[in-house]
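A.B. asks: Attaching a predicted model along with its sequence, questions to come.
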Amino acid sequence: MARPLSLKEISKKEVLISSGHRMCAGCGAPTVIKMVLLASDYPVIASNATGCLEVSTCISDYTAWKIPWIHSAFENAAATISGVETMYRSLKKQGVISKEIKFVAFGGDGGTYDIGLQSLSGAMERGHDMLYICYDNGAYMNTGIQRSSATPRGADTTTRPAGSVIPGKTEPRKNLTRIMAAHDIPYAAQASPSHWMDLMKKVKKAFEIKGPKFMNIISPCNRGWRSRTDDSIMLSRLAVDTCYWPLYEVEDGVTKITFTPKEKKPIVEFLKTQGRFKHLFKPENEWVIKKFQEDVDKEWERLQKEVSLFAS
Amino acid sequence: MAKIVAATGNEAVANALMQANPDVSAAYPITPATDIMQRFTSFVSNATVKTEMILVESEHSAMSACIGASAAGGRVMTATSSQGLALMWEMLFIASGLRLPIVMPVVNRALSAPLNIHGDHSDAMGARDTGWIQLWSENAQEAYDNTIQSFLIGEHMDIRLPVMVCLDGFIISHSIERIEYLEDAEVKNFIGEFRQLNPLLDIEHPVSYGPLILPDYYMEFRKAQDEVESKVFRVVLDVAKDFEKISGRKYGLFETYRLDDAEIGLVILNSAAGTSKDVIDEFRNRGIKAGLLKPRLYRPFPYNEIGEALKHLKAVCVLDRADAFGGSYGPLFIDISTSLYTYSKKPILINKIYGLGGRDYLPEHAELVLNELTEIAKTEKVKTIKEYIGVRG
Amino acid sequence: MKLKGWRELTPGAVILEAGNAVEFKTGSWRSFRPVWKEENCIQCLFCWLYCPDMAIKVKDGKREEFDYDYCKGCGICALECPGKKGNKAIIMVEEGK
């Protein structure tokens, strides 16, 4: 994939998710999905965990999906698509199907990090030829902004609200991308819609690899993050620039950072843009911001060390 | 040409599944159903079947993967018991709600707590409202025959519902019986090719499965499903008639044993019905008009037909190998009493709970019950409607 | 829109018409609308790419008008627009003004 991707060329492709879906104005998720589907040069069949994306794109007798799509339950997008993928393999082996089809599971951080972790781990371990895309907005947004293990430290959520005694989420974020890489799957990566070329290249690369692949993509939610409707892309860019959401890939166990910000911005730049972190700016909560910065620095350092292990 | 073998219930079911040759199976082991999949996976490893096997990490994922595979467009099966069935509970509703013809033998086992691996009906009874078709099997032969027929019933274009085939854990699943297998080619011909409906793999016609439905439509979908359930009876009978042509064995919605002129009767499911039939014969030899009804199609329940079959008796005991908590009656009793509800003249009904957690049901238990029924038929007096039999203390 | 009766439904609520969500017009959600200043547009297509509602029409690699039937007025396009020499090619104006 040496040739840079051209938006002009890409814009001539059919967008496989339609207008008319019920996602909030300015939601990051449909943009993420649009980019993933545009990046594919193959027909795709997708499963979708229950959540914002699923309920808003397929409701009543309307579907925004122009690809075959199945939603079964909350915690099993990976198990469901592994069934679809296996039927494909079975029918291909029997000579009933010959087309090349790719299989994708879409899940929010809710249906992936927490309730969906078992099903995801099982599917990855079994080696199905599938790509799992987690659109990470950092909470159970669809049901009203409840805390998930993907919620960043200090965030105000409805099940762990910022109060006078407890300043929001006290635990650090779960590092799911690292957990997925530890499954020794052929490809695990993090991406952001703000860096669309990096995202699409990663999706294209994933589709050329046979076996289980995982991509974690940051997906800002202006309702849950208490931000503006117009800043989804700006916030995902800031997440990358503060190294809160490093863009990297682990291919066959080799870690590579795919984008290094020119200047690593302090996490405060990211936090001050969102209402869910507003309480952290009170003097008694400043220690949380300090700890958050430590979390980010520790992970960024760890990644760089990991990269140097494989440097040629 | 039938092949006569000595095989266990699990072996017979595994053989039926092998002959049905599904495209995909996703399964997780659980006693006493494990054996079915273990035998089946050796067919897979030796390429005796074309089935692609998914060794999932839980029963919930087993049913999820079956749902994905079935919606993708092909023949799918799995097997489980007890805790496994309980774990996939939400997915059972989803499988029937999405109208996917998955076939699943359920080797009936008691539910925890207390943990128990032996045979009773609480698992499948707990799943009776899930929209699955339920066929219950007295012995290994019936389990084999029901499994083969379930593919045709579920895949019928008027139906498209998942089917559960129940057989008693350990009692039938692990006991060796004389069984007649049909030829592979006969079964293949009988079941036929998988009947496709809106497959995901038809990428020229992309479909979306599993939308969110709001209060303005949910009830219409449930009504539509209810309507489909009402068509199941005819399909079960039609498939049974076709099955008789190749096997010589007759099946209906239920089995009646010396019931036509009976005055007292037992209503009982699965293996214990077999034990009871011998006792019925003994009572008949003594001149007592005893009979038995053994349901086969349990869901949807043939209320009208069973009501008609039982209405002439004086006293009936419904024996349940499962109980409903909360001072309620056993599930079979509730359905039988509903089937007799509309008749002004109906038999006196009593309910006995037996055989829970693999507790043996012996001929003397049937004798005890029939003696009590004889007394009730004479005096028209009942000392207690519901009783646990074979329990100490 | 007339609601269907139970007899007219698909089995299992499966939806047979791909992408028919386009029948649901979300344009009424807006309180701000984007306006395209073509003279400042460098045709970078970022607006087309980032729009969550596919509300920017593109033909032969060039953007055309907004699809106001679906635009929810989020303003991402306006914020991300690089414009020409500091002048944005998309500005948000209050709906109804």
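C.D. replies: Good, I have the coordinates. Residues are numbered from 1 along each chain as shown, chains lettered A, B, ... in the order given.
A.B. asks: Distance of whatever residue of the stretch 101-250 of chain A ends up closest to chain B relative to A:E85?
C.D. replies: The nearest approach of the stretch 101-250 of chain A to chain B comes at A:G122, 3.3 Å away (Cβ to the nearest Cβ). The way it works is simple: take the backbone N, C-alpha and C, and place the C-beta from them, glycine included. From A:G122 across to A:E85, the span is 13 Å (Cβ to Cβ, to the nearest Å).
A.B. asks: Is A:Q190 in contact with A:N175, as I believe?
C.D. replies: No - judged on Cβ atoms under 8 Å, A:Q190 makes no contact with A:N175 at a distance of 10.1 Å.
A.B. asks: Look at the two and report which has more neighbours.
C.D. replies: Neighbour comparison, A:Q190 and A:N175: the larger count goes to A:Q190, with 28 against 17 (by other Cβ atoms under 10 Å in any protein chain shown).
A.B. asks: can you give me phi and psi for the more buried one?
C.D. replies: phi -120, psi 140 (degrees, to the nearest 10).
A.B. asks: Flag every residue of the stretch 51-200 of chain A that's near chain C.
C.D. replies: Residues of the stretch 51-200 of chain A that fall close to chain C, judged by Cβ under 8 Å from any Cβ of the partner chain: A:T57, A:C58, A:D61, A:Y62, A:T63, A:A64, A:W65, A:K66, A:I67, A:P193, A:W196.
A.B. asks: what's the helix or strand for the residue of the stretch 1-150 of chain A found nearest chain B?
C.D. replies: Residue nearest to chain B within the stretch 1-150 of chain A (Cβ to the nearest Cβ): A:G83, separated by 2.8 Å. For A:G83, the host element (DSSP states H and E) is helix A:77-93.
A.B. asks: Identify each buried residue in that helix, please.
C.D. replies: Of the residues in helix A:77-93, A:77-92 count as buried by neighbour count, 16 or more other Cβ atoms under 10 Å in any protein chain shown.
A.B. asks: Can you name the next helix or strand after that helix?
C.D. replies: Per DSSP H and E, the first helix or strand lying C-terminal to helix A:77-93 is strand A:102-108.
A.B. asks: name the helices or strands packed onto that next one?
C.D. replies: helix A:28-39, strand A:44-48, helix A:52-57, helix A:77-93, strand A:130-136 (3 or more Cβ pairs under 8 Å, 6 or more residues apart in numbering or on different chains; DSSP states H and E).
A.B. asks: so the residue in the stretch 151-300 of chain A that chain C sits nearest to, which of the three states?
C.D. replies: As assessed by Cβ to the nearest Cβ, chain C sits closest to A:D230 within the stretch 151-300 of chain A, at 3.2 Å. Three-state call for A:D230 (DSSP: H, G, I helix; E, B strand; the rest coil): coil.
A.B. asks: contacting residues for it?
C.D. replies: Listed by Cβ atoms under 8 Å, 6 or more residues apart in numbering or on different chains, the contact partners of A:D230 are A:G26, C:C74, C:G75, C:I76, C:A78, C:L79, C:M92.
A.B. asks: what's the closest non-adjacent residue to it?
C.D. replies: C:G75 (3.2 Å; Cβ to Cβ, 6 or more residues apart in numbering or on different chains).
A.B. asks: need the contact list for the one you found.
C.D. replies: Applying Cβ under 8 Å, 6+ apart, the residues near C:G75 are A:G26, A:R228, A:T229, A:D230, C:F32, C:P34, C:M92.
A.B. asks: Who's the closest spatial neighbour of A:L199, skipping the chain neighbours?
C.D. replies: Using Cβ to Cβ, 6+ apart, the closest residue to A:L199 is A:A191 (4.0 Å).
A.B. asks: typo on my end, it should be A:V55
C.D. replies: B:L212 (4.3 Å).
A.B. asks: and if you look at B:M1?
C.D. replies: B:E183 (6.2 Å).
A.B. asks: Tell me how many other residues crowd the one you found.
C.D. replies: Using other Cβ under 10 Å, B:E183 is surrounded by 13 other residues.
A.B. asks: how close does it get to B:V239?
C.D. replies: Taking Cβ to Cβ, one finds B:E183 at 18 Å from B:V239.
A.B. asks: quick one: low-confidence parts of the stretch 1-150 of chain A?
C.D. replies: A:1-3 (pLDDT under 70).
A.B. asks: quick one: buried residues of stretch B:222-232?
C.D. replies: For stretch B:222-232, the buried set under the neighbour-count rule, 16+ other Cβ under 10 Å, comprises B:A224, B:Q225, B:V228, B:E229, B:V232.
A.B. asks: wait, which of those is closest to chain C?
C.D. replies: For those, the closest approach to chain C (Cβ to the nearest Cβ) belongs to B:A224, at 4.7 Å.
A.B. asks: didn't that closest one look like it was pressed against C:G5?
C.D. replies: No - in this structure B:A224 lies outside contact range of C:G5 using Cβ under 8 Å: 9.5 Å.
A.B. asks: Let me see the ranges of the helices in the stretch 51-200 of chain B.
C.D. replies: B:59-73, B:82-87, B:89-97, B:122-126, B:140-155, B:184-191 (DSSP state H, counting those that start in this stretch).
A.B. asks: biggest helix in chain A, by residue count?
C.D. replies: helix A:286-310 (DSSP state H).
A.B. asks: Remind me what that one packs against, helices and strands.
C.D. replies: Counting by 3+ Cβ pairs under 8 Å, 6+ apart, helix A:286-310 packs on strand A:254-259, helix A:267-271.
A.B. asks: Leaving out the residues flanking it, which one is nearest to the residue of the stretch 51-200 of chain B found nearest chain A?
C.D. replies: Closest to chain A within the stretch 51-200 of chain B is B:G68: 2.8 Å, counting by Cβ to the nearest Cβ. Leaving aside its sequence neighbours, B:G68 sits nearest to A:G83 (Cβ to Cβ, 6+ apart; 2.8 Å).
A.B. asks: Tell me who's in contact with the one you found.
C.D. replies: Contacts of A:G83 (Cβ under 8 Å, 6+ apart): B:24, B:26, B:54, B:64-72, B:76.
A.B. asks: Give me the pLDDT value at B:G326.
C.D. replies: For B:G326, the model assigns a pLDDT of 86.
A.B. asks: helix, strand or coil for the spatially most central residue of chain A?
C.D. replies: For chain A, the residue nearest the mean C-alpha position is A:I217 (2.6 Å; Cα atoms, centre = their mean). For A:I217, the assignment made with three-state DSSP gives strand.
A.B. asks: and it, what pLDDT?
C.D. replies: pLDDT, read off for A:I217, is 98.
A.B. asks: wait, doesn't it sit right on A:L131?
C.D. replies: No - contact criterion Cβ under 8 Å: A:I217 and A:L131 do not qualify, at 11.4 Å.
A.B. asks: A:Y132: neighbour count?
C.D. replies: For A:Y132, using other Cβ under 10 Å, the count is 29.
A.B. asks: May I have the beta-bridge partners of it?
C.D. replies: With DSSP bridges applied, A:Y132 shows beta-bridge pairing to A:A105, A:F214.
A.B. asks: and it, what does it touch?
C.D. replies: A:77-78, A:81, A:104-105, A:107, A:112, A:120, A:123-124, A:212-215.
A.B. asks: Would you mind measuring from it to B:E142?
C.D. replies: Using Cβ to Cβ, we find A:Y132 at a distance of 43 Å from B:E142.
A.B. asks: for the residue nearest to the spatial centre of chain C, what are its contacts?
C.D. replies: A centroid search over chain C (Cα atoms, centre = their mean) returns C:A55, at 1.7 Å, as the residue closest to the centre. Contact analysis of C:A55 by Cβ under 8 Å, 6+ apart lists A:S19, C:F66, C:D67, C:Y68, C:D69, C:Y70, C:C71, C:K72.
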